[in-house]
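K.L.:
I need the structure of the sequence given here:
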Amino acid sequence: MSLLEPLRHRSFRALAVGRTLGTFGNSVAPVALAFAVLDRTGSAVDLGLVVGARSLANVLLLLFGGVLADRLPRAVILQGTEIAAGLSQALIAASVLCGFSSIPFLVALGVVNGAVSAMSLPAAGAITPQTVPRELLAPSNALLRLLINGGRIAGAGVAGVAVAATGSGWALALNALLFFAAALAYHAVRLPRTERASGSRPIADLIDGWHEFRSRTWVWAVVAQFGVVNAAGFGALSVIGPVVADETFGRSGWGLVLAVQTAGAFLGGIVAAHWQPRHALFIGVALVTMDALPVLTLGWWPSLVPLLIAMLAAGLAMEQFSVAWDVSLQEHIPPDRLARVYSYDMVGSLAAMPLGQIAAGPLVQHFGREPVLVACGVLVLVSTGLALCSREIRQLTNRPSAPAAPTGS
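P.N.:
Numbering: from 1, shown residues only. Model prediction:
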């Protein structure tokens, strides 16, 4: 099946443009904001406060975002959150350009941005099945991830150039325009009407979503696995990796390593769009073992070429998992509860990541770099092995494709 087949559907095209522009904007935002804070105070502590406030608000409100996305039209939520993000970034840009920014002001707007992101993420994950026929879910998710990865790369590159050429204030203004453009794209998404619950019962909705989440072993087992994988694997790479690079192959080499990982994800997305095995989730979960390769390579063989190979393999493998995971959720979770399950997935998978990042430095100081990196790699392997013990993960199958009328065409 062609990777471009989903683009025949108008609503999916609009969704793809909106998510690409939104990701582009979200990649520009942290770079521009970081330099705005550093230009203001030069303090890494202040920068940590601003970034941490956003992350905290994001994690705390993700579950509520899942409730909203299952009760309100998801396209409307995406439009509204992009407009809110654009307005908040425009206000930050104005404060930097006009000289009235302050750390409390930036922290407050960071909380707003984190809350807006929490409202949008579950809706963005759950809306895809409403824009294409069921048989196009695999290529649709693969194509979206290719475009999102492209947006991340372009956003980070443009942010650096914009900050250097025009300053952080104008880079933030560009960021606001990207969010407004994403909102305009989402306005073109047209979805079929669906029955939604009426009344105000957010706690009951959260309980219903939790029941859907915990009643399926294959769901909570994978989320538990990624709580460990993200804390150990990503925490080690993001904190210890730059230190190793400074001592060995240099900062430009580290940038190349991250770029190669994204190139692997691009390749993985293309493979996932054309290869749709019957037990895709089992294969995807098993391939997560490849995420241990970069961590173990940093510990045992901290050289550029081996690390490039490890990151390429990890990027390719993780993209196979990501597509299989999205398709499995979208096929097997009831549509009216899908966003809430996505929100529990995001909270469980991401909550431990900051702990891994915070703990990495002290652990290296106490135990040494190589033992910590090897231990992190072993944790990735063990958590993946435990997930594969689940019979539901091993036996879950993709539903057979059935003819479906195009939606939003």
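K.L.:
buried ones in the helix or strand hosting residue 120?
P.N.:
In the assignment (DSSP states H and E), residue 120 maps to helix 103-126. For helix 103-126, a neighbour-count test (16 or more other Cβ atoms under 10 Å) marks 103, 106-107, 109-126 as buried. Placement of C-beta: from N, CA and C, glycine included.
K.L.:
do stretch 158-171 as well
P.N.:
158-159, 162-163, 167-171.
K.L.:
do the same with stretch 275-290
P.N.:
Result for stretch 275-290 [16+ other Cβ under 10 Å]: buried residues 276, 279-282, 284-290.
K.L.:
how about the residue nearest to residue 152 when sequence neighbours are not counted, what does it touch?
P.N.:
Among residues not flanking residue 152 along the chain, residue 27 sits closest, at 4.9 Å (Cβ to Cβ, 6 or more residues apart in numbering). Residue 27 sits next to 151-156, 159 when contact means Cβ atoms under 8 Å, 6 or more residues apart in numbering.
K.L.:
for the stretch 101-250 of the chain, what spans make up the helices?
P.N.:
All helices of the stretch 101-250 of the chain, identified by DSSP state H, counting those that start in this stretch, fall at 103-126, 137-166, 168-186, 202-214, 217-229, 235-247.
K.L.:
Same list (those helices) but as TSV, adding mean pLDDT and distance to residue 353.
P.N.:
Converted to TSV, those look like this (pLDDT from 0 to 100; distance: least, Cβ to Cβ, whole Å):
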stretch	mean pLDDT	distance to residue 353
helix 103-126	85	15
helix 137-166	78	17
helix 168-186	90	24
helix 202-214	82	19
helix 217-229	92	8
helix 235-247	73	6
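K.L.:
As JSON lines, these with distance to residue 326 would be great.
P.N.:
Supplementary listing: those in JSON lines, determined by distance: least, Cβ to Cβ, whole Å:
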{"stretch": "helix 103-126", "distance to residue 326": "7"}
{"stretch": "helix 137-166", "distance to residue 326": "4"}
{"stretch": "helix 168-186", "distance to residue 326": "19"}
{"stretch": "helix 202-214", "distance to residue 326": "16"}
{"stretch": "helix 217-229", "distance to residue 326": "12"}
{"stretch": "helix 235-247", "distance to residue 326": "23"}
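K.L.:
the inter-axis angle of the helix or strand where the residue nearest to residue 152 lies versus helix 103-126?
P.N.:
Using DSSP H and E, residue 27 maps to helix 10-40. For helix 10-40 against helix 103-126, the angle by axes from the mean of the first three to the mean of the last three Cα atoms, to 10 degrees is 160 degrees.
K.L.:
roughly how far is the next helix or strand after helix 10-40 from the heart of the chain?
P.N.:
Under the assignment DSSP H and E, the closest C-terminal helix or strand after helix 10-40 is helix 44-71. The gap between where helix 44-71 is centred and where its chain is centred comes out at 13 Å by Cα atoms, centre = their mean, to the nearest Å.
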